[in-house]
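Q: Below are the sequence and a predicted model; questions follow.
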2 protein chains.
Amino acid sequence: MSLSDFAIIESTLREGEQFVNAFFTTEQKIRLATMLDAFGIEYLELTSPLASPRSREDCATIAGLGLNAKILTHTRCCLEDARVAVATGVDGVDVVIGTSSKLRAFSHGRSIDDIVRCAREVLPFLKDSGVETRFSTEDSLRSDPDDLFRVYEAVDEVGVDRVGIADTIGIGTPRRIYELVSALRARVRADIEFHGHNDAGCAIANSHAALEAGATHVDTSVLGIGERNGITPLGGFIARMAAGDPERVRRKYRLNLLLPIDQAVADLVGVDVPFNNYVTGFCAFTHKAGIHAKAVLNDPSTYEALRPEDFGLTRYVHVAHRLTGWNAVRNRAEQLGLELTEAQLRERTARIKSEADQRPLTLDQVDALLHAAAESPELAEVAP
Amino acid sequence: MSLSDFAIIESTLREGEQFVNAFFTTEQKIRLATMLDAFGIEYLELTSPLASPRSREDCATIAGLGLNAKILTHTRCCLEDARVAVATGVDGVDVVIGTSSKLRAFSHGRSIDDIVRCAREVLPFLKDSGVETRFSTEDSLRSDPDDLFRVYEAVDEVGVDRVGIADTIGIGTPRRIYELVSALRARVRADIEFHGHNDAGCAIANSHAALEAGATHVDTSVLGIGERNGITPLGGFIARMAAGDPERVRRKYRLNLLLPIDQAVADLVGVDVPFNNYVTGFCAFTHKAGIHAKAVLNDPSTYEALRPEDFGLTRYVHVAHRLTGWNAVRNRAEQLGLELTEAQLRERTARIKSEADQRPLTLDQVDALLHAAAESPELAEVAP
């Protein structure tokens, strides 16, 4: 299935600020915004100017940087907030309101009629102010579909640029997201944005399913940081898109900036990049079992959906362990410039396995075993 | 959509051993097997007894522990390997062979006819030996569907207990997995197992899609450890299933063991549990933005797909930051036993936001601000 074009709304400076550890100074926000812009993301979303005095100043500061990315901020659905947002000079305003019965009961307490009335007041004001407009519901998956579509159709009539679906609590599955976005696609002419939390591990797949169903914009944050365990991670989303259409992703984004971006955010919020992080985790391009190593040495694409070199990274074939195979051992001997016979290599492989069965083995120790074989040709006669 | 019953094939002691950092001693394997058995997983898969002498002994040792979980091991499709596997005393043998043109060219070099012939030799031997049998292809998604189905139908005829689909390089999307498993479901009477790598972030969603399409067994490993960045993580899969059907998941598994299991494996392989790990990451049940905090304090399910108490965990509402709101501040004042008026609380909230705008604020500092207000009632008169 070929997906239509998509844009990333990078929300590290909005959703990401809702990560429990996050505190970004103005200077840090400028640095992140600049890096993300260089990476090539299409939109940057910033914390609501209503959140605090500094948040408001920062919107104006980042809107004034002259980045290629469009600068968005985020507000509740009310005219006073919208006025403050526009005054910061941002390119677009993302309006959000909860439509689920839970949010209507336990959060803002407004009816669907109220929501529609308010959207019809706020959106025309924003359009008249010349900013790009988005209207999103919150907790969309636990909202009554009739309520949802009534609201979306109302804002579409007013001419909103983009409508948003939010899986606010992370319960969505790709099937449900596909169905909801498809139904919405058939009802509105506006672009469609998807925002998905990752509590149940489906945020990346849900974002992809939304695009399959006709969505145009996906929200991400670096390392996925946000409320609770966060949202669709930028790097994971890029990995998913690159696994499907590497050419397009290489064309759109400067992929070698992903590692410094992941590292910068990890440092700023005081966490480590997860060991198994998409693309930039330390094990992302490691190969261990003998049959994997053999095939990867023949042709990396045998066991790689992504090319490490696209991200300025390299693969690592692990040799020093009990699951190793003689093809991997041969490759290591070649790297060391040693000429060993097949019999020698098979004997050394059995020896490596048996030593690695007793304790963790280092590459140094493997190298010593290989050097010893090169210096003692009689090993060539020993059966493995 | 209600999913039929499912079983977990926990492969930390097979796929997990292929994680670049993994080295498990016999004692450590026994400890992990015992913990996973207590958690309630239905199957434990162990490294092939052909991998090394110790791997072979460990199969026999763990098969002899008398656990409730069925013990499986993993071999290539050949009679000699199958004989060794059966001799260890395991309950079942998982046979695997690559059917993609890449694996046939760069790995084992065998034709589809060869594969079918070999399966017809190995599976009857295993059945006669009284073990549960599984036949899986490798790199199933890059295999010609005609080849795949020919192989699966052949092994189904021989009476295999379970056929396996493997997304070996992690390129699958839920849509493709659903289509492939559905097509297979219509062709074989055997159970269907799904094994999915997570390079592109879809392993959990793909496992769920496989179940939706009629699969019965899902492979997991603790923290997802395996080749490259690994496979479907046990905790993430549990989170996904619990978000859909919490009652069933609570009935099937001892969920409060998930945290010690994740921690044990992290310690053994020398990594940290990722900060944003499903359920057990430190931020999984944290709430920060004012509107989230307010609603969660009213009713946690407003912003939680999973209940922390089901896992023996607790939620944390973060108060000391610029995105805070007065409902969260009021809750904190109540926790401290302070009686503040709404005017005082709103003034303190504005003060907390403005201080947190300058620098990270600790809970201690917030508490001091609240105590100061309780001791200086005149603050009640100050407008925010």
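A: Received it, and whenever you're ready, just let me know what you need.
Q: hang on, A:Val93 in a strand?
A: Yes. With the criterion set as DSSP: H, G, I helix; E, B strand; the rest coil, the secondary structure at A:Val93 is a strand.
Q: quick one: it and A:Thr73 touch, right?
A: Yes. Checked against CB atoms under 8 Å, the pair A:Val93 and A:Thr73 is within contact range at 6.1 Å. For glycine as for every other residue, the C-beta is placed from the backbone atoms N, C-alpha and C.
Q: hey, what's in contact with both of these two?
A: A:Ala85 (CB atoms under 8 Å, 6 or more residues apart in numbering or on different chains).
Q: Tell me which of the two has more neighbours.
A: Legend: neighbour count by other CB atoms under 10 Å in any protein chain shown for A:Val93 and A:Thr73, higher for A:Thr73 (33 against 27).
Q: Show me the contact partners of stretch A:345-359.
A: With CB under 8 Å, 6+ apart as the test, stretch A:345-359 has contacts from A:319-322, A:324-326, A:329-330, A:333, A:340, A:361, A:365-366, A:369-370, A:373, A:379-380, A:382-384, B:23, B:51-55.
Q: Helices of the stretch 201-350 of chain A, start to end?
A: If DSSP state H, counting those that start in this stretch is used as the criterion, the helices of the stretch 201-350 of chain A fall at A:203-212, A:234-244, A:246-252, A:258-269, A:290-298, A:326-335, A:342-358.
Q: Buried deepest among those, which one?
A: Counting by mean count of other CB atoms under 10 Å in any protein chain shown, helix A:203-212 has the highest mean neighbour count of these, with a mean of 30.
Q: Could you give the number of residues near the nearest residue to A:Leu257 once chain neighbours are set aside?
A: In space, A:Leu257 comes closest to A:Phe39 once its chain neighbours are excluded; the distance is 4.6 Å by CB to CB, 6 or more residues apart in numbering or on different chains. Other residues near A:Phe39 come to 22 when the count uses other CB under 10 Å.
Q: isn't A:Phe39 right next to A:Tyr253, touching?
A: Yes. Taking CB under 8 Å as the definition, A:Phe39 is a contact partner of A:Tyr253 at 5.7 Å.
Q: sorry, back to before: inside strands: which ones of the contacts of stretch A:345-359?
A: The strands, defined by DSSP state E, take in nothing from the contacts of stretch A:345-359.
Q: Show me which residues of the stretch 1-150 of chain A sit near chain B.
A: Selection of the stretch 1-150 of chain A residues close to chain B by CB under 8 Å from any CB of the partner chain yields A:1, A:17-21, A:23, A:47, A:51-55, A:102-103, A:105-108, A:139.
Q: The helix or strand hosting A:Gln28: how far from the chain's middle?
A: A:Gln28 is part of helix A:26-39, with elements assigned from DSSP states H and E. Helix A:26-39 has its average C-alpha position 17 Å from the chain's average C-alpha position, going by CA atoms, centre = their mean, to the nearest Å.
Q: in the lowest-mean-pLDDT helix or strand in chain A, what counts as buried?
A: Ranked by mean pLDDT, DSSP states H and E, the weakest helix or strand in chain A is helix A:101-106, scoring a mean of 74. Neighbour counts using 16 or more other CB atoms under 10 Å in any protein chain shown place A:102-104, A:106 of helix A:101-106 among the buried residues.
Q: With distance to B:Ala215 as extra columns, can I get these in TSV?
A: TSV is the format used below for those (distance: CB to CB, whole Å):
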residue	distance to B:Ala215
A:Lys102	32
A:Leu103	35
A:Arg104	38
A:Phe106	37
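Q: burial of the closest residue to A:Asn276 other than its chain neighbours, as a residue count?
A: Excluding the flanking residues, the one nearest A:Asn276 by CB to CB, 6+ apart is B:Asn229, at 4.3 Å. Neighbouring residues of B:Asn229 were enumerated by other CB under 10 Å; the total is 30.
Q: which residues sit in contact with B:Asn229?
A: B:Asn229 makes contacts with A:276-278, A:281, A:283-284, B:197-199, as judged by CB under 8 Å, 6+ apart.
Q: Of all pairs in those residues, which one is the farthest apart?
A: In terms of CB to CB, the contacts of B:Asn229 reach their longest pairwise distance at A:Asn277 and B:His197, which sit 14.5 Å apart.
Q: where does A:Arg254 land on pLDDT?
A: Reading off the per-residue confidence, A:Arg254 sits at a pLDDT of 98.
Q: typo on my end, it should be A:Leu379
A: Among the per-residue scores, A:Leu379 holds a pLDDT of 59.
Q: wait, A:Ser207 sits on A:Ala239?
A: No. A:Ser207 sits out of contact with A:Ala239 when judged by CB under 8 Å, with a separation of 11.7 Å.
Q: thinking again about what came up before, please pick the buried ones from the residues of the stretch 1-150 of chain A next to chain B.
A: By the neighbour-count criterion of 16+ other CB under 10 Å, the residues of the stretch 1-150 of chain A next to chain B include these buried positions: A:17-21, A:23, A:47, A:51-52, A:54-55, A:102-103, A:106-108, A:139.
Q: from the residues you listed, which ones fall inside helices?
A: Judged by DSSP state H, helices contain the following of those: A:54-55, A:102-103, A:106.
Q: could I get the residues you listed as TSV with distance to B:Arg162?
A: As requested, those are exported to TSV (distance: CB to CB, whole Å):
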residue	distance to B:Arg162
A:Arg54	58
A:Ser55	55
A:Lys102	41
A:Leu103	44
A:Phe106	45
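Q: Now for those residues: which two are most distant?
A: Comparing every pair within those by CB to CB identifies A:Arg54 and A:Lys102 as the most remote, at 31.2 Å.
Q: Could you tell me which residues make contact with the residue nearest to A:Leu257?
A: With CB under 8 Å, 6+ apart, A:Phe39 has these contacts: A:253-254, A:257-258, A:261.
Q: do A:His217 as well
A: Taking CB under 8 Å, 6+ apart as the contact definition, A:His217 lies against A:6-9, A:43, A:162, A:164, A:191-194.
Q: Now stretch A:168-187: buried residues?
A: Judged by neighbour count using 16+ other CB under 10 Å, the buried positions of stretch A:168-187 are A:168-178, A:180-182, A:184-185.
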